[in-house]
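Enquirer: pasting the structure only:
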Ligand code: SF4
């Protein structure tokens, strides 16, 4: 795992200037490699390590002019904002017929809202990532009650549910406890109108309230009385919803598209089981999780079982 190492400046006594690490996904690592390559001549010239050294000469592209080390400086926040706005204009970004003003803060806020509104159980990790002292700050300041965004997310959830039902009604095999139930009870669709019939039936199920929870590791056909995560009348409990709880839940379905996720779980467990230093209790949990993943993969088809046996 890569991390960006820096300091947090929140203007709070005892917290300002605290060292902090941000998890860096591959795309951030790549962006920093590009910055390193671009800034290399300026850094060599000034013997300074900063990545944002630019010529103090307005906001144009002056990089190919002769460089005097004393004219190089770290771009200020207003200058970065100005350049971002020019970048947004060059891309033709607009909203309601007005040019969209790109800012660095928008990326951070969009990420927080997207992550937190879809699954609020991630708020604690998100608050740590953003360097907030309290989870409530993330919750109120960044997530809040954004009516329009909520509407967009609801529409997206309905579309995802229809597509997932279509897939489950046609898939040759399904795993998970609800998967076996669906395979036994689903109607058969045949003939030239099969695709349209499947879609109408899937929409019917969603309109009747059978909205699915869609996540990387499977589908949740939510019924409160069977919910292993102890959900309530409004849906699953995000604090307890995680792959292992779902794997033993009566609402859970996996299909072929979740195979890579569970295969990776088997491989990760096998790697952990080869760690001699792990305590016995941890090894027991890892083994139980590996068996859980293998069981789900086996339910999806024999080729998968062979895959996991050789993984
Ligand atoms: S444990 Fe998973 S499958 Fe079961 S109700 Fe909760 S979210 Fe759905």
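Expert: Structure received. Everything quoted here is computed from the prediction, not taken from an experiment.
Enquirer: what bridges to residue 95?
Expert: Beta-bridge partners of residue 95, counted by DSSP bridges, are residue 98.
Enquirer: residue 164 contacts residue 211, correct?
Expert: No - look at residue 164 against residue 211 with C-beta atoms under 8 Å: they stay out of range, at 9.6 Å. Where you see a C-beta, it was placed from the backbone N, CA and C, and this is true even at glycine.
Enquirer: which residue comes closest to residue 131 once chain neighbours are left out?
Expert: Nearest non-adjacent residue to residue 131, counting by C-beta to C-beta, 6 or more residues apart in numbering: residue 8, 4.3 Å away.
Enquirer: residues near the one you found, how many?
Expert: Residues near residue 8, counting by other C-beta atoms under 10 Å, number 16.
Enquirer: which ones are touching it?
Expert: 15, 16, 17, 18, 19, 20, 131 (C-beta atoms under 8 Å, 6 or more residues apart in numbering).
Enquirer: from residue 66, how far off is the closest residue to the second one other than its chain neighbours?
Expert: Spelled out, it's residue 16. Spatial nearest neighbour of residue 16, excluding adjacent residues (C-beta to C-beta, 6+ apart): residue 9 at 5.5 Å. Relative to residue 66, residue 9 is positioned 35 Å away (C-beta to C-beta, to the nearest Å).
Enquirer: so which of the two has more stuff around it?
Expert: Comparing residue 9 with residue 66 by other C-beta under 10 Å, the one with more neighbours is residue 9, at 12 against 6.
Enquirer: ok so, going back, okay, the residue nearest to residue 16: pLDDT?
Expert: Looking at residue 9, its pLDDT reads 76.
Enquirer: what's the answer for the one 5 residues further on, then?
Expert: According to the model's per-residue confidence, residue 14 sits at a pLDDT of 70.
Enquirer: returning to that earlier point: got the phi and psi for the residue nearest to residue 131?
Expert: phi -100, psi 130 (degrees, to the nearest 10).
Enquirer: beta partners for it?
Expert: Beta-bridge pairing for residue 8 (DSSP bridges): residue 18.
Enquirer: separation between it and the ligand?
Expert: 34 Å (C-beta to the nearest ligand atom, to the nearest Å).
Enquirer: from now on call the first residue 15
Expert: All set: I'll call the first residue 15, so the last point we hit is now residue 22.
Enquirer: which helices and strands does the helix or strand harbouring residue 104 pack with?
Expert: Using DSSP states H and E, residue 104 sits within helix 91-105. Counting contacts by 3 or more C-beta pairs under 8 Å, 6 or more residues apart in numbering; DSSP states H and E, helix 91-105 is packed against strand 112-113, helix 118-132.
Enquirer: what lies in contact with stretch 266-280?
Expert: Identification of contacts with stretch 266-280 by C-beta under 8 Å, 6+ apart yields 181-182, 185, 187-193, 196, 230-235, 257, 260, 303-304, 307-308, 310-311, 313-315, 318, 321-322, 325.
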